[in-house]
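Trainee: Here is a sequence together with a model predicted from it:
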Amino acid sequence: MELVDVPVRRMIVAVTGASGVIYAVRSLDLLRAAGIETHLVVTKAGSLTSSYETGLDAADLAGRADVAYHHTDVGAPISSGSFLTGGMLIAPASMRTLGEIASGVSSSLVSRAADVTLKERRRLVLLTREAPLNLVHLRNMAAVTEAGGIIFPPVPAFYHNPSSLEEIVDHTVGRTLDQFGIHTDVFPRWDAGLRAALRSKGDS
């Protein structure tokens, strides 16, 4: 039998109860545009936060994914390492979710799927949302990093002179998807051309 290394065009996306649900919404839209199959799970707090921030409930978010699971469905396919994925994005990631992943305690499908992602040595990216951070938060971030995860706070960049909230969100989401090898053209990348353009603008 010939073994062929084929990239898995499938991603897990989780939404938890921290501010910043727009990052998940935009990620789902860009992943669909890129032809990536998405498997979504939204916690109860994530659904509540989404309705506050975006007007979208869990059903609306599910409509942006290929498959959606209830956060208590710990028998879902994404809870097994035999279900192949290209990784998992948690956007946003609450401190509770971070703590569960850091301790290896799985009380929901989100933390179980994250645990599976780590044990299978797949890419796990957490858009952690909290400020300021206390020592418990920092230690949990260190533990997840040591286990192979990536802590990716959605810190906005301004070198490209964004003129809208959408441009700020796109920069963060685009950089996040880069972590999975999914490259988009939704934000300007720093290169010689952009550097020259900004210099020219500054001199005018």
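Mentor: Cool, got the structure. Numbering: from 1, shown residues only.
Trainee: okay, CA-based contacts and neighbour counts for the rest of this
Mentor: Noted.
Trainee: Against residue 190, how distant is the residue nearest in space to the middle of the chain?
Mentor: Relative to the mean C-alpha position of the chain, the nearest C-alpha, by CA atoms, centre = their mean, is the one of residue 89, at 3.2 Å. Using CA to CA, to the nearest Å, residue 89 is found at 24 Å from residue 190.
Trainee: can you tell me the average pLDDT over stretch 112-122?
Mentor: Across stretch 112-122, pLDDT averages out at 98.
Trainee: centre of the chain versus the worst-scoring helix or strand of the chain on mean pLDDT, how much separation?
Mentor: Taking all helices and strands of the chain together, the one with the lowest average confidence (mean pLDDT, DSSP states H and E) is helix 192-203, at a mean of 79. Relative to the centre of its chain, helix 192-203 is centred 31 Å away, using CA atoms, centre = their mean, to the nearest Å.
Trainee: Please name the residues that touch residue 79.
Mentor: If a contact means CA atoms under 8 Å, 6 or more residues apart in numbering, then residue 79 has 109, 112, 113, 116 as its contacts.
Trainee: Neighbour-wise, give me the winner out of those.
Mentor: Of all the contacts of residue 79, the highest neighbour tally under other CA atoms under 10 Å goes to residue 113, namely 27 neighbours.
Trainee: Hmm, residue 78 and that residue touching each other?
Mentor: Yes: between residue 113 and residue 78 a contact is recorded at 5.8 Å, counting by CA atoms under 8 Å.
Trainee: Assign residue 14 to one of the three secondary structure states.
Mentor: Using DSSP: H, G, I helix; E, B strand; the rest coil, the secondary structure recorded for residue 14 is strand.
Trainee: contacting residues around it?
Mentor: Residue 14 makes contacts with 24, 40, 41, 42, 43, 88, 89, 90, 91, 92, 110, as judged by CA under 8 Å, 6+ apart.
Trainee: Just confirm the last one is within a strand.
Mentor: No: assessed by three-state DSSP, residue 110 does not belong to a strand; its assignment is helix.
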